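Novice: Any chance you can model this:
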Amino acid sequence: MTREVRAFAVTVLILATLGVAAGLSWSAISPRAPYQLTERGPVLADLTTQALIAADGWFAVITGALGLLCGGLAWFAGRRWMLAVLLGLCAGGVAGSFLTLWAGSTFTIGAVVVEAAAEPGVRIVPGALKLTAQGVLVAWPLLAVGLFGLLEGMHGYRESPLRQPYGIEP
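Specialist: Predicted coordinates:
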């Protein structure tokens, strides 16, 4: 029982650590939306900007790729404790996604260039990095658990006696 708990905890901790690194890379890659400063506070300067959608897309690409990588590595490395590792992938993927969101929106890495057409004298500033499509938060755990299940299903079918019809031996 303690080995299963250890496998679960190690899986969650590894994915959480990867979440912080993924957040920093998301912050470095994603564009920032332009905002103009007004008396009421910052207002989106360019209503046709694609920067908000691009930030969501980069989040999905980074966390989705990490989900596939973690799911494949977990299946190969965690052969003894399948259920604990699978549950760790699910919980760690959720934690990793939220830590990616937190780290990416908290720290600004890389050059932030904002371009927008504004009136003279209006100050344009880069906006904070945030998600507008909250559904991309499930990309990491969904792809990790999905690939893990697919690999386990293919492996189970390969060794299954049902593969040989009518009990014929090869």
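Novice: by contact count, what packs against the helix or strand bottoming out on mean pLDDT in the chain?
Specialist: In the chain, no helix or strand scores lower on mean pLDDT, DSSP states H and E than strand 124-126, which sits at a mean of 75. If contacts are counted by 3 or more CB pairs under 8 Å, 6 or more residues apart in numbering; DSSP states H and E, strand 124-126 sits against strand 34-38. In this view, the C-beta of every residue, glycine as well, is placed from N, C-alpha and C.
Novice: Distance of the residue positioned nearest the centre of the chain relative to residue 38?
Specialist: When CA atoms, centre = their mean is applied to the chain, the residue found nearest the centroid is residue 63 (2.1 Å). Distance of residue 63 to residue 38, given as CB to CB, to the nearest Å: 34 Å.
Novice: And for residue 62, the neighbour number?
Specialist: By other CB atoms under 10 Å, the residues close to residue 62 number 22.
Novice: pretty sure it contacts residue 28?
Specialist: No: counting by CB atoms under 8 Å, residue 62 does not reach residue 28; the two are 10.4 Å apart.
Novice: can you list residues touching both of these two?
Specialist: Common contacts of residue 62 and residue 28, defined by CB atoms under 8 Å, 6 or more residues apart in numbering, are absent altogether.
Novice: For the least confident helix or strand of the chain, which residues meet the burial criterion?
Specialist: residue 124 (16 or more other CB atoms under 10 Å).
Novice: Starting from it, tell me which strands it pairs with and how they run.
Specialist: strand 34-38 (antiparallel) (DSSP bridges).
Novice: neighbours around residue 88, how many?
Specialist: Considering only other CB under 10 Å, residue 88 is surrounded by 27 other residues.
Novice: where does it land on pLDDT?
Specialist: Note on residue 88: pLDDT of 95.
Novice: which element is it on?
Specialist: Following DSSP states H and E, one finds residue 88 within helix 82-106.
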